[in-house]
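Q: what follows is a predicted structure for the sequence shown.
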Amino acid sequence: MLQRCLDYILSRSAAQWKEMASKPALKFVLRLFGGFATNHAPSQQAVAEAINVIHQLEQISSDEHVGSLAENALEALRSHEKVSFGENSGRKK
């Protein structure tokens, strides 16, 4: 299931994300990322494949709260030492 979520996220181009942000599936995918990645190193490493996309989604403001859900997914990665380093370095300050 995690791989299907990654495929969904990674198969979209940057130009498609504005439209995709309003799709109901994106909210579920981001919630699943957060749930799978919480204190589970193999899932954290898998979700890290999409970390750049999740960072971009974090910047989206929408009625669906995509930015907040993306932020929650990134927070779930913080307990993994290697992934956490990459997550913090990718955020805009």
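A: Yes, it's here.

Q: out of everything not next to it in sequence, what's closest to the residue nearest the centre of the chain?
A: Residue closest to the mean C-alpha point of the chain, counted by Cα atoms, centre = their mean, is residue 54 at 3.6 Å. Nearest residue to residue 54, sequence neighbours excluded (Cβ to Cβ, 6 or more residues apart in numbering): residue 70, at 5.0 Å. In this view, the C-beta of every residue, glycine as well, is placed from N, C-alpha and C.

Q: that neighbour contacts residue 62, doesn't it?
A: No: taking contacts as Cβ atoms under 8 Å, residue 70 lies outside contact range of residue 62: 10.6 Å.

Q: alpha carbons of the helix ranked longest in the chain, as PDB, please.
A: With secondary structure taken from DSSP state H, the chain has its longest helix at helix 24-37. The C-alpha coordinates for helix 24-37 follow below in PDB (Å, rounded to 0.1, in the frame of the first residue of the first chain):
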ATOM      1  CA  PRO A  24      -9.600  13.800  -2.100                       C
ATOM      2  CA  ALA A  25      -7.000  11.000  -2.600                       C
ATOM      3  CA  LEU A  26      -4.100  13.300  -1.800                       C
ATOM      4  CA  LYS A  27      -5.400  13.900   1.700                       C
ATOM      5  CA  PHE A  28      -5.500  10.200   2.400                       C
ATOM      6  CA  VAL A  29      -2.100   9.600   0.900                       C
ATOM      7  CA  LEU A  30      -0.500  12.200   3.100                       C
ATOM      8  CA  ARG A  31      -2.300  10.800   6.200                       C
ATOM      9  CA  LEU A  32      -1.100   7.300   5.300                       C
ATOM     10  CA  PHE A  33       2.500   8.600   4.900                       C
ATOM     11  CA  GLY A  34       2.300  10.100   8.400                       C
ATOM     12  CA  GLY A  35       0.800   6.900   9.900                       C
ATOM     13  CA  PHE A  36       3.200   4.500   8.100                       C
ATOM     14  CA  ALA A  37       6.300   6.600   8.900                       C
END
